[in-house]
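**Q** the sequence isn't on hand, but the structure is:
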């Protein structure tokens, strides 16, 4: 199995972990009646539960682009040491993004996000050109 594909699997598992880390505190804050209901009237999680939810949603967005990059690399038989390094950079950026977002330290979250985003773009550029 291509390393990039394996890292994609790890990123998907991280998404499962993020979901649990987010869902429990959000349910506790908003109440099981709300989270288990139809949610016709939206409530927003705040504080740490809200940050965990936004970090989870951000990973959903980033995972789409990373998945495309991995597919282009693997299906296009364009794996290289650079694409492997970029895949790992994306994964570790996503791991570090969670505590960075929860902590709320100005700038750190954005820097970490930028590393993962750039790694994904570099993977695509390396595979295509």
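**A** That came through fine. Every value quoted in this text rests on a predicted model; they were computed, and no experiment measured them.
**Q** any chance you could map the helices in this structure?
**A** Taking DSSP state H to define them, one finds helices in the chain at 3-30, 32-35, 47-75, 81-103, 108-128.
**Q** who are the packing partners of the longest one?
**A** When contacts are defined as 3 or more C-beta pairs under 8 Å, 6 or more residues apart in numbering; DSSP states H and E, helix 47-75 packs onto helix 3-30, helix 81-103, helix 108-128. All C-beta spots, glycine's among them, are computed from the backbone N, C-alpha and C.
**Q** now the last one
**A** Here helix 108-128 is seen to pack against helix 47-75, helix 81-103 when contacts are counted using 3+ C-beta pairs under 8 Å, 6+ apart.
**Q** next: the second one.
**A** The contact analysis (3+ C-beta pairs under 8 Å, 6+ apart) places helix 32-35 against helix 3-30.
**Q** got the angle between the helix it packs on and helix 47-75?
**A** Angle between the axes of helix 3-30 and helix 47-75 is 160 degrees (criterion: axes from the mean of the first three to the mean of the last three C-alpha atoms, to 10 degrees).
**Q** now for helix 3-30, which elements pack on it?
**A** Packing partners of helix 3-30 (3+ C-beta pairs under 8 Å, 6+ apart): helix 32-35, helix 47-75, helix 81-103.
**Q** how far does that helix sit from its chain's centre?
**A** Remark: helix 3-30 is offset 8 Å from the chain centroid, using C-alpha atoms, centre = their mean, to the nearest Å.
**Q** report the helix or strand with the lowest average pLDDT across this structure.
**A** Ranked by mean pLDDT, DSSP states H and E, the helix or strand of the chain with the weakest confidence is helix 32-35, at a mean of 84.
**Q** residues in contact with that one?
**A** The list of residues contacting helix 32-35 from outside it, by C-beta atoms under 8 Å, 6 or more residues apart in numbering, reads 23, 26, 27, 43.
**Q** wait, which of the residues you listed is closest to residue 92?
**A** When the contacts of helix 32-35 are compared for distance to residue 92 (C-beta to C-beta), residue 23 comes out closest, at 23.6 Å.
**Q** fine by me, we can end here.
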